[in-house]
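# the sequence isn't on hand, but the structure is:
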């Protein structure tokens, strides 16, 4: 499937003009021609960061941006939980967070090899079952 999964670090960089990766994220969004897919678990994590930097109004601005972007959401299914757990257990020494493991499991289930993220460390160490490695963008 030729789509790009979005990680929290990328989504938040788009939202926050002060984020060091903001311009890079915007440039990539403008130049990219593949459809984006937003894992629903990213919403909560990104909303937390928006609230931390801008309070409730920051979250409202974040939601406004999501609405305007019209990116389709992809839910985590109950059947994804065993794979998420396996990923967390396999990479326990690396202390991957649950959102990242959910994105990794989604990538496998949906046969997606591209992830837009600025979290290079966590996604670079992961070895998916459906491809040699995830392609980390931008």
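Cool, got the structure. All of these numbers come straight from a predicted model, not from anything done at the bench.
# could you say which helix or strand contains residue 46?
Per DSSP states H and E: residue 46 is located in helix 40-69.
# low-confidence ranges in this structure?
Residues of the chain meeting the criterion pLDDT under 70: 1.
# strands of that one, residue ranges please.
Counting by DSSP state E, the chain has strands at residues 4-6, 36-39, 73-74, 114-116, 135-137.
# tell me which of those strands sits most buried.
Mean neighbour count (mean count of other CB atoms under 10 Å) peaks for strand 4-6 among those, with a mean of 25. Quick note: C-beta positions are derived from backbone N, CA and C, even for glycine.
# note down every partner strand of it and its orientation.
Here strand 4-6 is paired, per DSSP bridges, with strand 36-39 (parallel), strand 114-116 (parallel).
# can you add distance to residue 94 and give these back as a markdown table?
A markdown table is the format used below for the strands paired with strand 4-6 (distance: least, CB to CB, whole Å):
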| stretch | distance to residue 94 |
| --- | --- |
| strand 36-39 | 20 |
| strand 114-116 | 16 |
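# for the helix holding residue 46, buried residues please.
Buried positions in helix 40-69, judged by neighbour count with 16 or more other CB atoms under 10 Å: 41, 42, 43, 45, 46, 47, 49, 50, 58, 59, 62, 66.
# by contact count, what packs against it?
Counting contacts by 3 or more CB pairs under 8 Å, 6 or more residues apart in numbering; DSSP states H and E, helix 40-69 is packed against helix 8-15, strand 73-74, helix 98-110.
# again, 7 Å this time
Secondary-structure packing of helix 40-69 (3 or more CB pairs under 7 Å, 6 or more residues apart in numbering; DSSP states H and E): helix 8-15, helix 98-110.
# any idea of the angle that helix forms with helix 8-15?
Relative orientation of helix 40-69 and helix 8-15, computed by axes from the mean of the first three to the mean of the last three CA atoms, to 10 degrees: 20 degrees.
# please state the offset of helix 40-69 from the chain centre?
14 Å (CA atoms, centre = their mean, to the nearest Å).
# could you check the angle it makes with helix 98-110?
Interaxial angle, helix 40-69 versus helix 98-110 (the same axes, to 10 degrees): 80 degrees.
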